[in-house]
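Peer 1: what follows is a predicted protein model with its sequence.
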Amino acid sequence: MSKKPTQEELEKRIKELEKELLNKNKKIEELNNLVLKDELTGLYSKTGFISMAEKELEIAYRAEQRVFVFYADLDRFKEINDTYDHATGDQAIKDASEVLKKTFRKSDILARLHGDEFVGFGIEKEALTEKIITTRLQQNLKEYTEKHKRLYQLSISIGLLHYNPKDSPPIHEMVRQADERMYEHKNRR
C-alpha cells in the first residue's frame, strides 16, 4: 500500500507539472513558428499565409468589405545568384521582404511562398488601386536602394487583384490569378 502524499509533496508535484506544461507550450509555439513563418524573412510561410488569409476572408465577408491579393517576385533574381552568390541572393530576398513590409500595412498578411516569390492579402480599408500600390512600391524601392548600397539593383514585379468576399474564389485561386496578373505586367516591360 502506497502512502498518501503530503500537501507539500502535492504542491511540489503541481509546480513540476506546471513547469513541464510551460516548456511543452513553448515547444509547440516554436514548432508552429517553424511551420507558419519563413525562417529567412520572418514573413509567413505558404502554410501560415493560407491559414491567416482564410480567417481574414471570413472577417471581410462578415464586414462586407472587399479584399485584395498581390503576388510579387524579384526581377533578375537568378542573375543575382549567378553573378554573386547565394548569400547575396538571400540578402536580396530579405531586402524585398523589408520593402514589401514598408509598402503594405501591418494588418496585411505578407508571406514568402518560395524562392523569390511573395504573396499578400488584406482587407481594403481604402481604395487601393494597382497604380497606388505600384507607385508606393517603386518609391519604397528607391528609398531602400539609396539607403542600403548593394551590389545589385533591387526590382520587384507585382500583380494585384481585388475581390468581393461574397463571390470570391478560394485563396489558392486568388493567388494563382494574382500570379498571372504579375506575369502580365512583367511581360509588358
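Peer 2: Structure received. None of the values given here were measured: they were computed from a predicted structure. Residues are numbered from 1 along each chain as shown.
Peer 1: in the host helix or strand of residue 47, which residues are buried?
Peer 2: Applying DSSP states H and E as the criterion places residue 47 in helix 46-63. Neighbour counts over helix 46-63 (16 or more other C-beta atoms under 10 Å) mark 46, 48, 49, 50, 52, 53, 56, 57, 60 as buried. In this view, the C-beta of every residue, glycine as well, is placed from N, C-alpha and C.
Peer 1: tell me what it is packed against?
Peer 2: helix 7-36, strand 67-74, strand 109-114, strand 117-123, helix 171-188 (3 or more C-beta pairs under 8 Å, 6 or more residues apart in numbering; DSSP states H and E).
Peer 1: spatially central residue in the protein, please.
Peer 2: residue 111 (2.0 Å; C-alpha atoms, centre = their mean).
Peer 1: for that one, which residues make a bridge with it?
Peer 2: Bridge pairing for residue 111 (DSSP bridges) gives the partners residue 44, residue 119.
Peer 1: now the helix or strand of the chain at the bottom of the mean pLDDT ranking: how far from the chain's centre is it?
Peer 2: None of the helices or strands of the chain scores lower by mean pLDDT, DSSP states H and E than helix 7-36, at a mean of 76. The chain centre lies 29 Å from the centre of helix 7-36; the measure is C-alpha atoms, centre = their mean, to the nearest Å.
Peer 1: how about that helix: buried residues?
Peer 2: Within helix 7-36, the residues scored as buried using 16+ other C-beta under 10 Å are residue 36.
Peer 1: who does that helix touch, helix- and strand-wise?
Peer 2: If you count contacts as 3+ C-beta pairs under 8 Å, 6+ apart, helix 7-36 packs onto helix 46-63.
Peer 1: run the chain-centre distance for the helix it packs on.
Peer 2: Mean-position distance between helix 46-63 and its chain equals 13 Å (C-alpha atoms, centre = their mean).
Peer 1: got any ranges where this structure has weak pLDDT?
Peer 2: Within the chain, the segments meeting pLDDT under 70 span 1, 28, 30-35, 128, 189.
Peer 1: quick one, domains of it?
Peer 2: Each domain of the chain is listed here as a residue range: 1-36, 46-188, per automatic domain parsing.
Peer 1: deepest in the core, which of those is it.
Peer 2: Ranked by mean neighbour count, those are led by domain 46-188 with a mean of 17 (mean count of other C-beta atoms under 10 Å).
Peer 1: start to end distance for that domain?
Peer 2: Using C-alpha to C-alpha, to the nearest Å, the end-to-end distance of domain 46-188 comes out at 28 Å.
Peer 1: just how off-centre is it within its chain?
Peer 2: Its chain's average C-alpha position is 8 Å from that of domain 46-188, according to C-alpha atoms, centre = their mean.
Peer 1: test my guess that residue 98 contacts residue 144.
Peer 2: Yes: using C-beta atoms under 8 Å, residue 98 is in contact with residue 144, at 6.7 Å.
Peer 1: what helix or strand is the residue nearest to residue 180 when sequence neighbours are not counted located in?
Peer 2: Among residues not flanking residue 180 along the chain, residue 159 sits closest, at 7.0 Å (C-beta to C-beta, 6 or more residues apart in numbering). Residue 159 belongs to strand 156-163 when assigned by DSSP H and E.
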